[in-house]
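[1] Next come a sequence and a model predicted from it.
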Amino acid sequence: MKIGVLGMGSIGKKHITNLETLGHEVARHDPAFQTSKREAVIAWADAIIVASPTAHHVIDFHDAAAAGKHVLVEKPFACDGPTDILHNMLKSAYLINKNIIIATGFNLRFHSCVQEVKKLMDKRYIGDPVCASFTVNQLSSKPVYLRDGIIRNWLSHEIDLAHFLLGNGTVESCVAPIDELGYDSKEAFLGMKFDNVRDKVFVQGDYYTNPEQRFFWIEGTDASLYVNLIRREVYAKHKKDNVPKMIFQGNDSFDENYIEEMRAFTGSITTGFPNPWLATAEDGIRAHTTVMEARKKAGLE
């Protein structure tokens with residue numbers, strides 16, 4: 001398959017390596033140094049990976065979809081702006097090519113522990129969800145102006161996980177200290193209410209904790225799940241004995257998760273059937289809506 005990658009940052013380079021490993025032809029466009037090659041790459045390709053700076057995501061998605069190309073947009077799906085415009089773009093894309101695959105780059109869905117928990121949630125293993133919390137604490141070496149803010153960047157993954165596992169939710173509160181340049185580049189704490197969860201769901205993260213910590217827990221009426229995404233461990237604690245026990249140990253890696261995401265995207269194009277772990281454009285827009293709600297609550301909009 002011929003795949004064009006728009007953007008040559010760390011994630012764009014990672015996708016190029018993985019796509020070539022999977023045997024695909026790749027053409028690339030670096031918006032920092034090239035001006036005329038972008039349209040040629042879009043015209044040549046069967047599918048486009050949008051890995052450009054966040055502010056370019058919407059226009060890159062629009063132009064690729066308008067050309068009838070399959071598209072994967074790296075998270076976040078958009079930088080700012082109303083979601084009704086994004087939904088209208090989707091409708092137009094489906095009119096141009098009814099078989100188009102449009103995905104969002106939430107690669108954390110390919111983490112083995114996330115997939116295990118999703119299966120357990122679908123089976124109502126924990127009973128009715130009562131409350132939950134999703135956390136990512138990770139040092140960022142990027143300059144502040146390249147980070148897009150912690151809510152838009154780091155936490156968009158955790159926000160998508162919350163939606164993926166728990167359904168639809170809205171932001172009730174958000175605290176995000178602002179740095180001297182006006183960015184939410186330090187930490188953020190969201191309080192959310194989900195339709196299918198009795199009490200609160202929290203999403204939180206920071207840009208300075210080292211070593212990295214990434215985990216979540218979901219409390220249910222029958223049992224609780226505790227998930228360490230770094231160690232790839234899932235623990236369950238049942239009400240009957242109240243003792244946490246490891247029920248799953250993953251042996252995959254984050255590098256493998258990126259490859260699986262590319263395999264799912266290209267496989268969906270080949271077969272015409274979306275992979276169940278691949279985040280759709282609608283998923284990306286839903287996370288974007290939550291991000292915008294949180295930024296507004298924090299006084300960032």
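    Thanks, I have it.
[2] residue ranges of the strands in the stretch 201-301 of the chain, please?
    Assigned by DSSP state E, counting those that start in this stretch, the stretch 201-301 of the chain shows strands spanning 213-220, 223-228, 233-238, 245-249, 279-280.
[3] of those, which approaches residue 107 most closely?
    strand 279-280 (8.7 Å; Cβ to Cβ). For every residue, glycine as well, the C-beta is placed using N, CA and C.
[4] Near residue 123, how many other residues are there?
    As a burial measure, residue 123 scores 8 neighbours (other Cβ atoms under 10 Å).
[5] and it, how far is that from residue 278?
    Distance, residue 123 to residue 278, using Cβ to Cβ, to the nearest Å: 21 Å.
[6] again with residue 234
    Taking Cβ to Cβ as the measure, residue 234 falls 22 Å from residue 278.
[7] for stretch 44-55, the distance to its chain's centre please.
    Between the centre of stretch 44-55 and the centre of its chain there are 16 Å (Cα atoms, centre = their mean, to the nearest Å).
[8] Now do the buried residues in it.
    By neighbour count on 16 or more other Cβ atoms under 10 Å, the buried set for stretch 44-55 is 45, 47-52, 54.
[9] can I get the residues you listed in JSON lines with pLDDT, distance to residue 195 and secondary structure?
    As requested, those are exported to JSON lines (pLDDT from 0 to 100; distance: Cβ to Cβ, whole Å; DSSP: H, G, I helix; E, B strand; the rest coil):
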{"residue": "45", "pLDDT": "97", "distance to residue 195": "39", "secondary structure": "coil"}
{"residue": "47", "pLDDT": "98", "distance to residue 195": "34", "secondary structure": "strand"}
{"residue": "48", "pLDDT": "98", "distance to residue 195": "34", "secondary structure": "strand"}
{"residue": "49", "pLDDT": "98", "distance to residue 195": "33", "secondary structure": "strand"}
{"residue": "50", "pLDDT": "97", "distance to residue 195": "30", "secondary structure": "strand"}
{"residue": "51", "pLDDT": "96", "distance to residue 195": "33", "secondary structure": "coil"}
{"residue": "52", "pLDDT": "94", "distance to residue 195": "34", "secondary structure": "coil"}
{"residue": "54", "pLDDT": "92", "distance to residue 195": "29", "secondary structure": "helix"}
